[in-house]
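> How does the following fold in three dimensions:
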Amino acid sequence: MRPTEIPSRLTAAGAAAIVLTVPIGASQAHAADTHKAECMTISFIEQLVTTETKDAAPVGPSVGDVVITEDAVLDDQRNRIGTNDIKGIIIKKDAETGELYSFSASEYTLDDGTIHVAGLVNLTQLAAGKEQKLPAYGTGGRYAGKVGELTWTLVSETESLNSIALCD
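Coordinates of the predicted model:
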C-alpha cells in the first residue's frame, strides 16, 4: 500500500476517537485516593469481514464518504473472540497537508463484555502505518464503567494489531 492510498475501510477507522468526558466529583476524587485502580489490557488482531462504502463525489476517499464495516476480533492464536461494528464518515481534508480525517464510532462485542470507541482518526497517518491512540469506554460485562484507550496499528488493508487498556 502506498502512503498516499487510503483503503476505503479506513473511513470507518476501525475504531475512532471521540472526546469522552467522564466527570469526576469531589466524592469520586476522594474515592480514587483510597481505591487502587484496577487496570487491564486486551491485545488482539482485528480483521475485516464485511464492508459497505457510500462514496461521495469525487470518486475515491473524500469528504462525505461513509463506510460501515464488521471486523472479527481474534486472539493471538487467531481464534475469534468477538466483533467490532464500525461506522465512519470522512469529515475533513486538511487544506495545508491534504490529510483526511474520519469521525467514527465502533462497538467491540467481546466474549466477556462490550467496549465503545469513537472519535477522530487521521486516515492518512493510519494508512502510512502510524499508530493511532483513541479513547475507549467499557459499556458492558467485565469492562463496564472502565475508561482508557485503544492503540491501533494497521498492518495491511484488512488487518490491524490493537490493544485496549482500561482502568476503573
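
> Moving C-terminal from the lowest-mean-pLDDT helix or strand in the chain, which element do we reach first?
Counting by mean pLDDT, DSSP states H and E, the weakest-scoring helix or strand in the chain turns out to be helix 26-34, with a mean of 47. The helix or strand immediately downstream of helix 26-34 is strand 39-54, counting by DSSP states H and E.

> Please save the CA atoms from the next helix or strand after that next one in CSV.
Remark: after strand 39-54, the chain's next helix or strand is strand 66-74, criterion DSSP H and E. Taking Å, rounded to 0.1, in the frame of the first residue of the first chain, the C-alpha atoms of strand 66-74 are listed here in CSV:
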residue,chain,number,x,y,z
VAL,A,66,-19.3,6.8,4.6
VAL,A,67,-18.1,3.3,5.4
ILE,A,68,-19.7,0.6,7.5
THR,A,69,-17.7,-2.4,8.5
GLU,A,70,-17.7,-5.5,10.6
ASP,A,71,-14.4,-6.8,11.8
ALA,A,72,-13.5,-10.0,13.5
VAL,A,73,-11.6,-9.7,16.8
LEU,A,74,-9.0,-12.5,17.1
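
> What pairs with strand 66-74, parallel or antiparallel?
When pairing is defined by DSSP bridges, strand 66-74 lines up against strand 39-54 (antiparallel), strand 80-93 (antiparallel).

> Identify all contacting residues around the shortest one.
Strand 80-93 has contacts (C-beta atoms under 8 Å, 6 or more residues apart in numbering) with 11-16, 44, 46, 49, 61-75, 99-111, 120-121, 123. For glycine as for every other residue, the C-beta is placed from the backbone atoms N, C-alpha and C.

> Good, we can wrap up now.
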